[in-house]
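K.L.:
structure of the sequence below:
(4 chains)
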There are 2 protein chains.
Amino acid sequence: MPLGTSTPISRVDFAPHREAGVRPAAVKPPDRARCAEPATKATRRLTVAPRSSVFDEGEDATSIYLVIEGAVLLSKLLPDGRRQIIECIGPGDMFGMTSTTRHDVSAETLRQTRLASYDRRCISESYALQVLVAERLRAQICHLHDHALLLGRKSALERVATFLMSLVPRRDGLDRTLIATNIAQVCVPLRRQDIADYLGLSLETVSRAFSQLRRDGLLAYVRSDAVTINDVSHMRRLCGEV
Amino acid sequence: MPLGTSTPISRVDFAPHREAGVRPAAVKPPDRARCAEPATKATRRLTVAPRSSVFDEGEDATSIYLVIEGAVLLSKLLPDGRRQIIECIGPGDMFGMTSTTRHDVSAETLRQTRLASYDRRCISESYALQVLVAERLRAQICHLHDHALLLGRKSALERVATFLMSLVPRRDGLDRTLIATNIAQVCVPLRRQDIADYLGLSLETVSRAFSQLRRDGLLAYVRSDAVTINDVSHMRRLCGEV
DNA sequence: CGTTCACTTGACTTGGCTCAATTCAAGTGG
DNA sequence: CCACTTGAATTGAGCCAAGTCAAGTGAACG
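P.N.:
So this is what the prediction gives:
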């Protein structure tokens, strides 16, 4: 990714670790400050358990969804089981927009996730919502363009480096402290198999790329799902861009 | 691609062969029946020569474009020359929508192409145009999802088979005569190198896949850019779906 | 002046070798 | 037990290098 010049990938929650803190599915009021929820009244609120389906590929698309808290994976499956993760959606991002009456991808939560859902028809009633959706669509397209380049033309190591860089928290350009120290703490919200399915690789290849980056001193493990990038600018060069 | 269930790839002109019939750049009134041009007045009309740039990645995005006639390739480049073709845009389709102020892809014509361009600002003034753009964005996203699955998880032969099936002309499901005969004539609007860059393969691998399909009797050459699919349902199975 | 032959050019095909990534099979460790 | 790592063997697709094919250019010659 052009890292800063292009659309940022929806940043996935940093704080709660994988599967940690699974609370009962209590419906709380949404945190408005956080996810820029539009004024339109949502059809409903829902809390989805970790690793469970929101909808499946081929299902009737009745609603679109806004992530309030948590994370959602969009994926597609081939009949023989091969899986491609299309996108990882975090707070403030929407999913479930399709051009047909059916969903073209499956959506499953990564951990416990709070969602707002809007009836498809009510989008056309709310101008604000329509503008918001259009903006999200444009951002998603830019991200999908970047991802097509990654899937079609990058090596395994470049893919993993790009993925890790996409996890570095940043708001308009890199953080000042990050630029100064050249070090970034990142939380890896996906398991190796999910990373593999996202990057079009095998689980083992992803694991080996992590290991190589660690051997080369670019990466240090805090745990297997939380790492430190010791040389951000070097890692950035490994992405194949610039 | 789910072939009929999912969003159809914008079909590229069938009739004019590659680079054939290059006429002087006369600006004619658009064929409304064909490309569903919105009532909003376009900022301008333009005719672009074959194989030339409409805009480049990184350029200021001032307009969005509608293809009236011809075909446009959207692509991204890595600094070392690796290229990924993102999409092939035909009549009635739009391109150049981005979420930032810059274009995230390059756009070049495949052959002589007539375009309508709309100033980015005037989109927000026209409700009809906004709806049209949103619809195109949704369709493009579905297509990009399919393409991510192809790039991430399909074999070389599956990719080429999928590509060939995407070229079969169809309007809501397959043609009746096509279903009866199980044979389809298709025109291949891209060169082997472009197909390779679209499918994330090398030119040679694409050529070998074509040759294998021909050896197996599934494909017959009329010329290198016009082929006959002799067994459409078999070819469909080779796509890895169903 | 028009036909022919030699040559060039660009797109595509094919062969052979190489290597990156997958697959299979044990591991380790929280 | 499940997620992850590591090693060894396998293979699909890439790269390099020739070779084919068709179309185009142009100089020579009857």
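K.L.:
okay, A:L73 and chain B: tell me how far apart.
P.N.:
Between A:L73 and chain B the computed distance is 13 Å (Cβ to the nearest Cβ, to the nearest Å). From N, CA and C alone the C-beta is placed, and that goes for glycine too.
K.L.:
parallel or antiparallel, list what pairs with the host helix or strand of that residue.
P.N.:
Secondary structure from DSSP states H and E places A:L73 in strand A:72-77. If you go by DSSP bridges, strand A:72-77 pairs up with strand A:83-89 (antiparallel), strand A:106-109 (antiparallel).
K.L.:
quick one: that strand near DNA strand D?
P.N.:
No: against DNA strand D, strand A:72-77 shows no contacts by Cβ under 7 Å from any atom of the strand, the least distance being 13.9 Å.
K.L.:
who touches that strand?
P.N.:
Applying Cβ atoms under 8 Å, 6 or more residues apart in numbering or on different chains, the external contacts of strand A:72-77 come out as A:54, A:57, A:65, A:83-89, A:95, A:104-110, A:113, A:115, A:190, A:194, A:197, B:145-146, B:148-149.
K.L.:
show me what from chain A comes close to DNA strand C.
P.N.:
A:155-157, A:200-202, A:204-205, A:208.
K.L.:
dead centre of chain A: give me the residue that sits there.
P.N.:
Residue closest to the average C-alpha location in chain A (Cα atoms, centre = their mean): A:C88, at 2.4 Å.
K.L.:
which residues does that residue bridge with?
P.N.:
A:L73.
K.L.:
nearest to chain B, of the residues of chain A next to DNA strand C?
P.N.:
A:G200 (3.1 Å; Cβ to the nearest Cβ).
K.L.:
for the spatially closest residue to that closest one that is not a sequence neighbour, grab phi and psi.
P.N.:
Closest residue in space to A:G200, ignoring its immediate chain neighbours: B:G152 at 3.1 Å, by Cβ to Cβ, 6 or more residues apart in numbering or on different chains. Taking degrees, to the nearest 10, you get phi -90, psi -30 for the backbone angles of B:G152.
K.L.:
so where's chain A shaky on pLDDT?
P.N.:
By pLDDT under 70, the weakly predicted segments of chain A are A:1-42, A:172-174.
K.L.:
how about the helices in it?
P.N.:
In chain A, the helices defined using DSSP state H lie at A:32-35, A:120-123, A:127-153, A:156-167, A:176-181, A:192-199, A:203-215, A:232-237.
K.L.:
quick one: the residue of chain A most remote from its centre from chain B, how far?
P.N.:
Computed with Cα atoms, centre = their mean, the residue of chain A farthest from its C-alpha average is A:E125, at 28.5 Å. Separation of A:E125 from chain B (Cβ to the nearest Cβ): 13 Å.
K.L.:
tell me which parts of chain A are close to DNA strand D?
P.N.:
In this structure, chain A approaches DNA strand D at residues A:191-193, A:203-204, A:206-208, A:210-211, A:221, A:224-225, judged by Cβ under 7 Å from any atom of the strand.
K.L.:
nearest residue to A:T98 in space, please, no chain neighbours.
P.N.:
A:A61 (4.9 Å).
K.L.:
about what we covered before: can you read off the backbone torsions of the residue farthest from the centre of chain A?
P.N.:
The phi/psi pair for A:E125 (degrees, to the nearest 10) is phi -80, psi -30.
K.L.:
quick revisit: now the residues of chain A next to DNA strand C as TSV including distance to B:L238?
P.N.:
Listed next are the residues of chain A next to DNA strand C as TSV, based on distance: Cβ to Cβ, whole Å:
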residue	distance to B:L238
A:S155	27
A:A156	26
A:L157	31
A:G200	20
A:L201	23
A:S202	23
A:E204	27
A:T205	26
A:R208	31
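K.L.:
buried subset of those?
P.N.:
Buried members of those, counted by 16 or more other Cβ atoms under 10 Å in any protein chain shown: A:156-157, A:200-201, A:205.
K.L.:
contacts only, for the residue of chain A found nearest DNA strand C.
P.N.:
Relative to DNA strand C, the nearest point of chain A is A:T205 (2.8 Å; Cβ to the nearest atom of the strand). Listed by Cβ under 8 Å, 6+ apart, the contact partners of A:T205 are A:156, A:196.
K.L.:
one more: the one 3 residues further on?
P.N.:
The neighbours of A:R208, taking Cβ under 8 Å, 6+ apart as the test, are A:A156.
K.L.:
could you measure it against A:L201, distance?
P.N.:
Distance, A:R208 to A:L201, by Cβ to Cβ, to the nearest Å: 10 Å.
K.L.:
between those two, what contacts are shared?
P.N.:
Counting by Cβ under 8 Å, 6+ apart, the residues touching both A:R208 and A:L201 are A:A156.
K.L.:
ok so, going back, which of the residues of chain A next to DNA strand D are buried?
P.N.:
Of those, these count as buried by 16+ other Cβ under 10 Å: A:191-192, A:206-207, A:210, A:225.
K.L.:
and of the residues you listed, the nearest to A:R170?
P.N.:
Among those, A:D225 lies closest to A:R170 (Cβ to Cβ), at 19.9 Å.
K.L.:
what's around the closest residue to the closest one other than its chain neighbours, how many residues?
P.N.:
Closest residue to A:D225 apart from its sequence neighbours, by Cβ to Cβ, 6+ apart: A:V188 at 4.7 Å. Neighbourhood size, A:V188 [other Cβ atoms under 10 Å in any protein chain shown]: 22.
K.L.:
contacting residues for A:V188?
P.N.:
With Cβ under 8 Å, 6+ apart, A:V188 has these contacts: A:164, A:167, A:195, A:224-227.
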